[in-house]
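Enquirer: Pasting the sequence and the predicted coordinates here, then a few questions.
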Amino acid sequence: AEVVIVGNPEEAGALYGDAAAELIARKPDAVLGLATGSTPLPAYRALAERIAATGLDVSQVRGFALDEYVGLPATHPESYRSVITREVVEPLGLTPELVHVPNGDPATIRTAGEDYEAAIDAAGGVDLQILGIGRTGHLGFNEPGSSFASLTRVKTLTERTRLDNARFFDSLDEVPVHCVTQGLGTILRARHLVLLAFGEGKAEAVAAAVEGPLTASMPGSAVQLHARVTVIVDEAAASQLA
Ligand code: F6R
């Protein structure tokens with residue numbers, strides 16, 4: 001992987017914003033791989049600024065989120081459908097119908113994975129996938145033990161991840177136990193991966209992902225299997241790299 005160490009999250013966001021704006025200028029119906037969580041927010045802000053400043057036409061841009069909770073109504077403010085609408089679709093001015101999030105409705109959960117894979121395939125695959133990494137080393141919600149070949153499917157969240165995400169809910173009890181997530185195999189098919197990580201709390205996961213052994217115990221290490229990965233970290237998140 002190419003590792004870029006930046007001074008702060010805004011600089012990381014600027015690098016993503018440049019890459020994404022360049023991609024869209026070259027390919028107006030580009031397919032963006034989207035992540036939720038705190039990490040990508042400066043990147044989305046930077047891209048929104050570039051779109052506003054240049055008048056870049058994003059009406060044909062397509063998007064695929066990494067994951068969704070199972071059993072939260074799509075209208076719940078913390079469903080990833082709501083988060084992607086609020087943090088990506090609206091500020092960037094994307095066409096809502098072209099931005100996909102896995103379907104966490106229990107009624108159709110049996111086919112949610114294959115349906116999502118089919119939609120990604122029909123779009124011709126993801127051009128630029130933004131990734132955060134969890135303290136457990138997860139990418140998307142692929143917790144330790146996930147196969148490197150895995151595709152979109154239902155997974156159980158670890159207690160660590162539920163605790164980390166409880167900040168978005170009123171209590172831990174409200175954090176769903178299951179999710180639908182793109183698999184590591186799905187993520188590895190994207191043409192370019194941009195992994196962002198900020199802060200001390202991510203240092204161990206970043207070092208293990210980038211420099212550690214390839215192992216299902218560290219899902220982040222899957223990025224070592226990809227030919228085009230850009231890891232953008234601040235000093236704190238880089239602090240355990242060799
Ligand atoms: C979000 C996702 C997760 C997060 C990870 C880091 O769609 O798939 O893998 O990227 O949990 O979360 P933050 O950025 O909130 O530290």
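Expert: Here it is on my side, so go on.
Enquirer: Only C-alpha atoms from now on, for both contacts and neighbour counts.
Expert: OK.
Enquirer: At which residues are the helices of this protein located?
Expert: Assigned by DSSP state H, the helices in the chain fall at 9-26, 41-54, 80-84, 90-92, 109-122, 159-165, 184-188, 203-211.
Enquirer: residues from this structure in reach of the ligand?
Expert: 35-39, 66-67, 131-134, 138-141 (CA under 6 Å from any ligand atom).
Enquirer: are any of those residues buried, and which?
Expert: 35-36, 39, 66-67, 131-134, 138-141 (16 or more other CA atoms under 10 Å).
Enquirer: Need the residues that contact the helix or strand of the chain with the lowest mean pLDDT.
Expert: Sorted by mean pLDDT, DSSP states H and E, the helices and strands of the chain end with helix 159-165, the least confident at a mean of 94. Defining contact as CA atoms under 8 Å, 6 or more residues apart in numbering, one finds that helix 159-165 is touched by 134-136, 172, 175-177.
Enquirer: any idea which of those has the most stuff around it?
Expert: residue 134 (23 neighbours; other CA atoms under 10 Å).
Enquirer: for that one, phi and psi?
Expert: When read as degrees, to the nearest 10, the backbone of residue 134 gives phi -80, psi 160.
Enquirer: so who does the residue nearest to the spatial centre of the chain touch?
Expert: With distances taken as CA atoms, centre = their mean, residue 35 lies nearest the centre of the chain, 2.6 Å away. Residues near residue 35 by CA under 8 Å, 6+ apart: 65-67, 130-132, 140.
Enquirer: Which members of the residues of the chain next to the ligand are positioned in strands?
Expert: Those of these mapping onto strands are 67, 131, per DSSP state E.
Enquirer: Against residue 41, how distant is the residue nearest to the centre of the chain?
Expert: Using CA to CA, to the nearest Å, one gets 9 Å for the distance from residue 35 to residue 41.
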